[in-house]
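K.L.:
Got a predicted structure here, sequence first:
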Amino acid sequence: MPTMRDVAHAAGVSAKTVSRVFNDDPHVSPETRQRVESAMRDLNYVPNLLATTFRAGRSDVLAVAVPDILDPFFAAIANAVEERATARGMSTLITCLDDGDGERAILESMLSRRLSGLILAPVGTDHGWMRRWRDHTPLVFVDRPPRGLAADSFLEDDRGGSVLATAHLIDHGHTRIAFLGDAVDAASSARRIDGYAEALDRAGLAFDPDLVVADISGRDGAEAALTRLQQLPARPSAVYSSNARVTMAAATALSRRRLAVVGLGDFPMADALTPALSVIAQDPARLGGLAADRALARLAPGGPRSFVKKVLPVRLVERDSCRIPPSGG
């Protein structure tokens, strides 16, 4: 197998110049770059990435850790990171964080690979242990901020989105609005419940804990939750579903019930449901892109040293599901 020295000899340059061309150093002249790239092609040169890792102290890999890669929201984040990594000639490593108990072991296994950066949507409740990694590996949190750790984070306006969704249903005449959620411990869930409660308070409506179901998992869980809600003495006429994963799980059960619905987070085919689903639209692709850009910026000489927390706005996409009037309306 040809080596970097073989390429250098064929191109009439030093091995260091070959390395600079491979790493896309802008200070290499176009003529020299063309000569080196031609020699690489002629010799079918494949760089020794393991040696590159040891020399640079890190691998050319951006890692993504999310709760569920099948969730359209997290899939879009991972895809955006992968696009940024590919544009830089880097690879992407993606993993799922099933629960908070196993999060640390999974992340430490990833970080031990000498990553160029880690973008994560955490499920755990304490990230103070990551301080020792943060000093040499860019860590960027998405959707959920770190706990016990200062780090870059890019979030959606969960609270504002929940206020918008709940207020929209109130504007349609609903006074009994159920809240559907899943991960009770997630910071994003807490912000969404707070926004839901804020919208009720603004409208002079009491917060009723019986209308809050924050542990839905799968279709059976959604069916059971909606059945219980409709058995209440004062049952809800509308539902605010606080994330796309829950909305998709509840879609079949909701289709059999005359309930107005607004969901936080759009997803493929949401507009093809009957009725078409009204949503609070997020921008997970932008979230992932910003997170990847921040991680890559930290790798550059003179890169940022302070930490940022950026909250992206959300917007209402009104379709048909919010227009079902209260019973008797």
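P.N.:
That came through fine.
K.L.:
all helices of the stretch 201-329 of the chain, in order?
P.N.:
For the stretch 201-329 of the chain, helices defined by DSSP state H, counting those that start in this stretch occupy the ranges 218-230, 244-255, 284-299.
K.L.:
For the longest one, name the packing helices and strands.
P.N.:
Counting contacts by 3 or more C-beta pairs under 8 Å, 6 or more residues apart in numbering; DSSP states H and E, helix 284-299 is packed against strand 61-66, helix 72-87, strand 117-120, strand 139-142, strand 152-156, strand 309-312. For glycine as for every other residue, the C-beta is placed from the backbone atoms N, C-alpha and C.
K.L.:
6 Å - rerun?
P.N.:
Packing partners of helix 284-299 (3 or more C-beta pairs under 6 Å, 6 or more residues apart in numbering; DSSP states H and E): helix 72-87, strand 139-142, strand 152-156.
K.L.:
In TSV: the helices of the stretch 201-329 of the chain, plus mean pLDDT.
P.N.:
Formatted as TSV, these follow (pLDDT from 0 to 100):
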stretch	mean pLDDT
helix 218-230	94
helix 244-255	93
helix 284-299	95
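K.L.:
for the ones you listed, which one sits closest to Leu155?
P.N.:
helix 284-299 (7.9 Å; C-beta to C-beta).
K.L.:
quick one: contacts of that closest one?
P.N.:
Outside helix 284-299, the residues within contact range by C-beta atoms under 6 Å, 6 or more residues apart in numbering are 73, 76-77, 80-81, 84, 117, 119, 138, 140, 142, 152, 154, 303-304.
K.L.:
Could you identify which of these has the most neighbours?
P.N.:
Ile119 (31 neighbours; other C-beta atoms under 10 Å).
K.L.:
looking at the sheet around it, what are its partners?
P.N.:
For Ile119, the beta-bridge partners are Val64, Val140 (DSSP bridges).
K.L.:
what about it, distance to Val314?
P.N.:
Distance, Ile119 to Val314, using C-beta to C-beta, to the nearest Å: 20 Å.
K.L.:
about what we covered before: so which of the helices of the stretch 201-329 of the chain comes closest to Lys16?
P.N.:
When the helices of the stretch 201-329 of the chain are compared by C-beta to C-beta, helix 284-299 sits nearest Lys16, at 20.3 Å.
K.L.:
Send me the closest one as PDB with only the CA atoms.
P.N.:
Taking Å, rounded to 0.1, in the frame of the first residue of the first chain, the C-alpha atoms of helix 284-299 are listed here in PDB:
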ATOM      1  CA  PRO A 284     -34.700  20.400  14.300                       C
ATOM      2  CA  ALA A 285     -32.500  20.600  11.200                       C
ATOM      3  CA  ARG A 286     -31.400  24.100  12.100                       C
ATOM      4  CA  LEU A 287     -30.900  22.900  15.700                       C
ATOM      5  CA  GLY A 288     -28.600  20.100  14.600                       C
ATOM      6  CA  GLY A 289     -26.800  22.400  12.100                       C
ATOM      7  CA  LEU A 290     -26.100  25.100  14.700                       C
ATOM      8  CA  ALA A 291     -24.900  22.500  17.200                       C
ATOM      9  CA  ALA A 292     -22.500  20.900  14.700                       C
ATOM     10  CA  ASP A 293     -21.200  24.300  13.600                       C
ATOM     11  CA  ARG A 294     -20.500  25.200  17.200                       C
ATOM     12  CA  ALA A 295     -18.600  22.000  17.900                       C
ATOM     13  CA  LEU A 296     -16.500  22.400  14.700                       C
ATOM     14  CA  ALA A 297     -15.800  26.100  15.600                       C
ATOM     15  CA  ARG A 298     -14.400  24.900  18.900                       C
ATOM     16  CA  LEU A 299     -11.800  22.800  17.000                       C
END
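K.L.:
got the angle for it vs strand 152-156?
P.N.:
Orientation check (axes from the mean of the first three to the mean of the last three C-alpha atoms, to 10 degrees): helix 284-299 against strand 152-156 gives 170 degrees.
K.L.:
distance between helix 284-299 and the chain's centre?
P.N.:
Taking C-alpha atoms, centre = their mean, to the nearest Å, one finds helix 284-299 lying 11 Å from the centre of the chain it belongs to.
K.L.:
So for it, what gets flagged as buried?
P.N.:
Across helix 284-299, burial judged by 16 or more other C-beta atoms under 10 Å covers Pro284, Leu287, Gly288, Gly289, Leu290, Ala291, Ala292, Arg294, Ala295, Leu296, Arg298, Leu299.
K.L.:
how about those in TSV, adding distance to Asp42?
P.N.:
Converted to TSV, these look like this (distance: C-beta to C-beta, whole Å):
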residue	distance to Asp42
Pro284	43
Leu287	43
Gly288	38
Gly289	37
Leu290	40
Ala291	39
Ala292	34
Arg294	39
Ala295	35
Leu296	32
Arg298	37
Leu299	31
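K.L.:
Just the closest of the residues you listed to Asn243, please.
P.N.:
Pro284 (11.5 Å).
K.L.:
For Pro67, see how far away the closest one is.
P.N.:
Taking C-beta to C-beta, one finds Pro284 at 13 Å from Pro67.
K.L.:
Leu316 now?
P.N.:
25 Å.
K.L.:
Neighbour count for those two, which is higher?
P.N.:
Between Leu316 and Pro67, Pro67 has the larger neighbour count (other C-beta under 10 Å), namely 24 against 15.
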